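# no sequence for this one, just the structure:
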């Protein structure tokens, strides 16, 4: 009987070790860094206003972003791995649409339909690639709106001349509009931008904002000077805190301007892994 009990205890110990080893093996499985995507983004302003965005995916394809606490969302439509349309909703109403065409995997046109500010404003951005690192495009600046017809006429654009790095960041850009010139310069860290792995996202958003915060890496500094009818400068500097996969979980950005008081925003990002 004693021998049987000892044998039973030995078998139990072996089973326990095997189960523990299995669990340890499961827990130590390496994370594929190319599948890490943001699931929640929180912006906290200097006066403690909070804005939260949540993300929904199919794998790494972005299906939808939702602005928490509002009735607003953005829906994404893909063709293969390329985003061909985004639609901003307020309730059930589509208020802003972006439609993209591509050549050799790069955006060549972006058609905008904007119903935010009365009537329907429709215009097209055209992207001219002078090289892999040099692109020019037009961005909407102003128009004349007729409230009785809802029509926008005399649409005017700012022309952007942009230089890119080989790893998908902005180096510099120049914007010109009716005698006003603005020059931007940028610097980045070597870590992963939160949007890096979202399928097709950087292709449509790398040039969306001259502030340069959507890129392959994370913006460290942006400096802008403008001259013409008015003169001045703006800048932004960011300090990032990273997780073990080199994605930022917290970013504090300080904005300075020659015309506005300095202020700081905090950005918190949560991920699927």
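Right, received. Where do you want to start? Fair warning: this is a prediction, and the values are worked out from it, not measured in the lab. Residues are numbered from 1 along each chain as shown.

# tell me the contacts of the residue most central in space within the chain?
The C-alpha lying nearest the average C-alpha coordinate of the chain belongs to residue 214 (C-alpha atoms, centre = their mean; 4.6 Å). Applying C-beta atoms under 8 Å, 6 or more residues apart in numbering to residue 214 gives the contacts 193, 195, 201-202, 205-206, 208. Backbone N, C-alpha and C define where each C-beta goes, glycine included.

# one more time with 10 Å, if that's ok
If you count contacts by C-beta atoms under 10 Å, 6 or more residues apart in numbering, residue 214 has them with 169-170, 193-196, 201-202, 204-208.

# then residue 30?
Counted by C-beta under 10 Å, 6+ apart, residue 30 has zero contacts.

# same check, this time on the one 3 residues further on
Applying C-beta under 10 Å, 6+ apart, we find residue 33 in contact with 192, 196-197, 245-247, 273.

# could you flag which of those are buried?
Buried subset of the contacts of residue 33 (neighbour count, 16 or more other C-beta atoms under 10 Å): 192, 196-197, 247.

# now for the residues you listed: which two are most distant?
Using C-beta to C-beta, the pair of the buried ones among the contacts of residue 33 lying farthest apart is 197 and 247, separated by 9.2 Å.

# and the helices in the stretch 101-250 of the chain?
Chain-ordered helices for the stretch 101-250 of the chain, with DSSP state H, counting those that start in this stretch as the definition, fall at 201-205.

# where along it do the strands fall?
Taking DSSP state E, counting those that start in this stretch as the test, the strands found in the stretch 101-250 of the chain are 106-114, 121-131, 134-146, 151-164, 170-177, 180-188, 219-227, 232-242, 248-257.

# who are the packing partners of the fourth one?
Read that as strand 151-164. Here strand 151-164 touches strand 121-131, strand 134-146, strand 170-177, strand 180-188, going by 3 or more C-beta pairs under 10 Å, 6 or more residues apart in numbering; DSSP states H and E.

# so, low pLDDT: which residues of the protein?
Confidence mapping of the chain against pLDDT under 70 gives the ranges 1-28.

# still on that earlier bit, anything in contact with each of residue 197 and residue 247?
Applying C-beta under 10 Å, 6+ apart, one finds that residue 197 and residue 247 are jointly contacted by 33, 36-38, 271.

# out of those, who's nearest residue 225?
Here the nearest of these to residue 225, counting by C-beta to C-beta, is residue 38; it sits at 32.0 Å.

# wait, doesn't the closest one sit right on residue 55?
Yes: with contacts defined as C-beta atoms under 10 Å, residue 38 counts as touching residue 55 at a distance of 5.8 Å.

# which neighbours do those two have in common?
Applying C-beta under 10 Å, 6+ apart, one finds that residue 38 and residue 55 are jointly contacted by 62, 65, 194-195, 198, 270-272.
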